[in-house]
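Asks: Return a 3D structure for these sequence lines:
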Amino acid sequence: MKGLSRLYSSQEIARADLKAMEDLAIPSEILMENAGAACAEFASSMTSYGDRVVVMAGIGNNGGDGMVVARHLDRMGRSVSVFIAGDSGKVKGSVAVNLNILKSIGIPCFDMASVSDEFIRREIDIASLVVDALLGTGASGEPRDQILRAVELVSDFSSPVMSIDGPTGVNLDDGTVPGKAISSDLTVTMVSKKVGHMVAPGKFHSGRVEVVHIGVSTSRILDVDSAPFFCLDDKYVASRLPKTAPDSNKYSRGGVLVVAGSSEYPGAAALVARGALRAGAGICVVVAKEQVRPYLSSIPEVIFQPIDSVKDVPGILDRWSSSCSVTVMGSGLGRSSFAEGLFRAFWESELSCVVVDGDGLGFLPDMSPSNFRKVIITPHEGEAARLMGWSRERVSSNRLLTAGSLGGRYGVCLLKGPGSIVSSREGRGVISSGDQSLAVAGSGDVLAGVVGAIWSRSCTPFDAAAIGGWLHGRAGELCSMRSMDGVLASEIADRIPDVLGGSS
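Replies: Numbers count the residues shown, from 1 in each chain. All right, here's what the predicted structure looks like:
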């Protein structure tokens, strides 16, 4: 859909560069000049006249962009020195052209292999800005040799860092950081944001990300509507959010059946229900043991359906399945034998749309697969690790791979955390909203309810997870305007209508 933000891989960007040179006959020197000049504008905004700037440059095109930056900063009155992480005698093409220009106008250029760590440290220590132009789009694997040395030297200091295209050490295709990496205050990238700018842990290294042109309209060199990887932002939500018809009633607005809560976690059911109702569900039915009922007293709009035995499940479904098109299961359900039996009974019924969260994710691997049921799972990293049979650290380092694997296995995976990922067989995306305010008990329960409500309003499972995740994240941001600390999950739910009012 036109106008939506998409994230691109290094191969797609490389093809765009090639198209600019071959199909549009733009010389590589001009593309490099345009990119470097645009980056230099940002670098100048981070410094003042007379400031010292250190450019750490590789011997590839990213280094060439850095050399253009150095020349323009010199023109703007900055004192620039360039350190080349590699053999400058091996540079060629546009990079060699720009290196020769630097030498001809007297900008100091040093092969890192010929100078000591102490010398480089002194230069960085007195610099107002370090420009990371070591490795660009397409780089993968751990930094090595002089590149690794440069990363380590830059990381030793607190000087502001601006990276060109992406922080060195971050794989821009998936956000993984296989070794040491530079952490940037600002990343200036060409043509489009890349996947690794928004997927953690690469997200944490990228800082603020700004996109600049290379002297030609992006639409002429990049198929802006083809990439299956979305930036799930306010534009995406506005284009896909189900609309409420003028003649709506509580049933047409969507109904959510919630199977959640236990004597250990009685509040979980209330939080799921609160999230569902605040996200626009017309009806919400909570199925739980009698001990949970008092915790729903603050939400009189909720219908409480007590359950004493797993044998009650068929009767409950007969009563409510026509009113509730989506079932949210597992939040605070506990891990008792009753909880497992309850989950299994609902799972083995003819439910067509199911959101699985919390304790339900622990039961899921033992459930028989279903070919007719549509499923959204909403794990945090610990739950995802158990589903994958991995350590939590491995999941944290490979979030995109994890979400893709679980999405392929179950249907749609919304992997929670910084830069929450939505992945299915149909597409992938990163949610742009959210901050630390979401890291509180019960926040995930609210999210499950929000996703269930959006799904009940007749959208695709992917869009339900994407829209629900973004609404939840934005509600957290609104809460954190007062304070990042002390936010309650119920307060996040209560801000959902404010977000809905601004995203329509």
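
Asks: ok, residue 234 to residue 466 distance?
Replies: Counting by Cβ to Cβ, to the nearest Å, the separation of residue 234 from residue 466 is 12 Å. All C-beta spots, glycine's among them, are computed from the backbone N, C-alpha and C.

Asks: which of those two has more neighbours?
Replies: Set residue 234 next to residue 466 and count neighbours by other Cβ atoms under 10 Å: residue 466 wins out with 29 against 15.

Asks: helix, strand or coil for that one?
Replies: Per DSSP: H, G, I helix; E, B strand; the rest coil, the local secondary structure of residue 466 is helix.

Asks: where's it relative to residue 149, distance?
Replies: In terms of Cβ to Cβ, residue 466 sits 42 Å off from residue 149.

Asks: nearest spatial neighbour of residue 236, skipping sequence neighbours?
Replies: Of all residues beyond its chain neighbours, the one nearest residue 236 is residue 4 (5.6 Å), with distances taken as Cβ to Cβ, 6 or more residues apart in numbering.

Asks: Checking my notes, that neighbour in a helix, right?
Replies: No. Counting by three-state DSSP, residue 4 falls outside a helix, being coil.

Asks: Test my guess that it contacts residue 235.
Replies: Yes. Using Cβ atoms under 8 Å as the test, residue 4 is close enough to residue 235 to be in contact (5.9 Å).

Asks: Contacts for the one helix or strand residue 276 maps to next, please.
Replies: Assigning secondary structure by DSSP states H and E places residue 276 in helix 267-278. With Cβ atoms under 8 Å, 6 or more residues apart in numbering as the test, helix 267-278 has contacts from 256, 258, 260-262, 284, 286, 288, 292, 295-296, 298-299, 301-302, 328, 331-333, 357-358, 442, 445-450, 452-453, 472, 489-490, 493-494, 496-497.

Asks: In PyMOL, how would I select the buried members of those residues?
Replies: Those of the contacts of helix 267-278 that count as buried under 16 or more other Cβ atoms under 10 Å are selected in PyMOL with:
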select buried, resi 256+258+260+261+262+284+286+288+292+295+296+299+302+328+331+332+333+357+358+442+445+446+447+448+449+450+452+453+472+489+490+493+494+496
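
Asks: Where helices are concerned, which of the contacts of helix 267-278 count?
Replies: 445-450, 452-453, 472, 489-490, 493-494, 496-497 (DSSP state H).

Asks: Restricting the selection to alpha carbons, write stretch 460-479 to CSV.
Replies: Coordinates of each C-alpha in stretch 460-479 appear next as CSV, following Å, rounded to 0.1, in the frame of the first residue of the first chain:
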residue,chain,number,x,y,z
THR,A,460,-6.1,-10.1,9.4
PRO,A,461,-4.2,-11.7,12.2
PHE,A,462,-1.0,-9.9,11.2
ASP,A,463,-2.8,-6.5,11.2
ALA,A,464,-4.4,-7.3,14.6
ALA,A,465,-1.0,-8.0,16.1
ALA,A,466,0.6,-5.0,14.4
ILE,A,467,-2.2,-2.5,15.2
GLY,A,468,-2.7,-3.8,18.7
GLY,A,469,1.1,-3.7,19.4
TRP,A,470,1.4,-0.1,18.2
LEU,A,471,-1.6,1.1,20.1
HIS,A,472,-0.3,-0.5,23.3
GLY,A,473,3.1,1.0,22.8
ARG,A,474,1.8,4.5,22.0
ALA,A,475,-0.4,4.3,25.1
GLY,A,476,2.7,3.6,27.2
GLU,A,477,4.4,6.6,25.7
LEU,A,478,1.5,8.8,26.7
CYS,A,479,1.7,7.5,30.2
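
Asks: If you average the pLDDT over that stretch, what comes out?
Replies: Summarised as a single mean, pLDDT over stretch 460-479 is 98.

Asks: again with stretch 220-231
Replies: 79.

Asks: Three-state assignment for the residue sitting furthest away from the middle of the chain, please.
Replies: Most distant residue from the mean C-alpha position of the chain: residue 104, 44.0 Å away (Cα atoms, centre = their mean). Secondary structure, three-state DSSP: residue 104 is helix.

Asks: how much distance is there from stretch 135-146 to the middle of the chain?
Replies: Mean C-alpha position of stretch 135-146 versus that of the full chain (Cα atoms, centre = their mean, to the nearest Å) differs by 22 Å.

Asks: buried ones in that stretch?
Replies: 135-139, 143, 146.

Asks: Same question for stretch 341-361.
Replies: Here stretch 341-361 shows 342-347, 349, 351, 353-361 as buried, counting by 16+ other Cβ under 10 Å.

Asks: Mark which of the residues you listed are part of helices, please.
Replies: 342-347, 359-361.

Asks: Can you add pLDDT and distance to residue 119 and give those residues back as a markdown table?
Replies: Compiled in a markdown table, those are given as follows (pLDDT from 0 to 100; distance: Cβ to Cβ, whole Å):
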| residue | pLDDT | distance to residue 119 |
| --- | --- | --- |
| 342 | 97 | 68 |
| 343 | 97 | 64 |
| 344 | 96 | 67 |
| 345 | 96 | 71 |
| 346 | 96 | 68 |
| 347 | 95 | 65 |
| 359 | 98 | 58 |
| 360 | 97 | 59 |
| 361 | 98 | 54 |
